[in-house]
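Trainee: what follows is a predicted protein model with its sequence.
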Amino acid sequence: MKIKFAFFLLISFFSTLISAEELVNLSAEQLISQQKDHNALVIDIRTEKEWMATGTIPNSYKLQFFSADGKYDAEKWLSELNRLKSSADQPIILVCRSGGRSGKVGSMLTKQLGMKNIHHLAGGMQLWIKGGNKVNTECPTQFACK
């Protein structure tokens, strides 16, 4: 019994030292600050139809994750994401319509792949627009833009 208890304490101690990365929820103000002060890479994972309907966050990149039928190719998407990154530790902020999809993708990146510095805009573009923040309605020469 004492051995089991000691083992449990040992595991508990090391599990606090080796914690998994966590997805960080950001407000619109925090996104702006991260983008300005830390060169955060803002990735809009929505569909082209959604980009056209609402516009995008200025200086963000369009990199659709889920297809219209909910499927995805994580390997291809990660390859394209890595091409956009300026450094291995560059903060990444994911954006979708309401925060649901970006939360799922962010959790996958942090929990399954162990990626660090992953954030998402809580409330998504709905919150961004509701807050009166600027949107880019043009299609600059960015990756995945048609």
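Mentor: Here it is on my side, so go on.

Trainee: hang on, isn't residue 84 packed against residue 61?
Mentor: Yes. Using C-beta atoms under 8 Å, residue 84 makes contact with residue 61 at a distance of 5.6 Å. In short, each C-beta sits where N, CA and C put it, glycine included.

Trainee: tell me the helices and strands packed up against the helix or strand that contains residue 79.
Mentor: Per DSSP states H and E: residue 79 is located in helix 74-84. If you count contacts as 3 or more C-beta pairs under 8 Å, 6 or more residues apart in numbering; DSSP states H and E, helix 74-84 packs onto strand 41-44.

Trainee: next structured bit after the strand it packs on?
Mentor: Next element after strand 41-44 (DSSP H and E): helix 48-54.

Trainee: who has more neighbours, residue 84 and residue 61?
Mentor: More crowded of residue 84 and residue 61, by other C-beta atoms under 10 Å: residue 61, with 20 against 15.

Trainee: surely that one and residue 46 touch.
Mentor: No. Judged on C-beta under 8 Å, residue 61 makes no contact with residue 46 at a distance of 11.7 Å.

Trainee: return the residues in contact with the most centrally placed residue in the chain.
Mentor: Closest residue to the average C-alpha location of the chain: residue 94 at 2.8 Å, with C-alpha atoms, centre = their mean. Going by C-beta atoms under 8 Å, 6 or more residues apart in numbering, residue 94 touches 43, 45, 102, 105-106, 118-121.

Trainee: go on, residue 72?
Mentor: 65-66.

Trainee: so it: helix, strand or coil?
Mentor: At residue 72 the chain is in coil, as set by DSSP: H, G, I helix; E, B strand; the rest coil.
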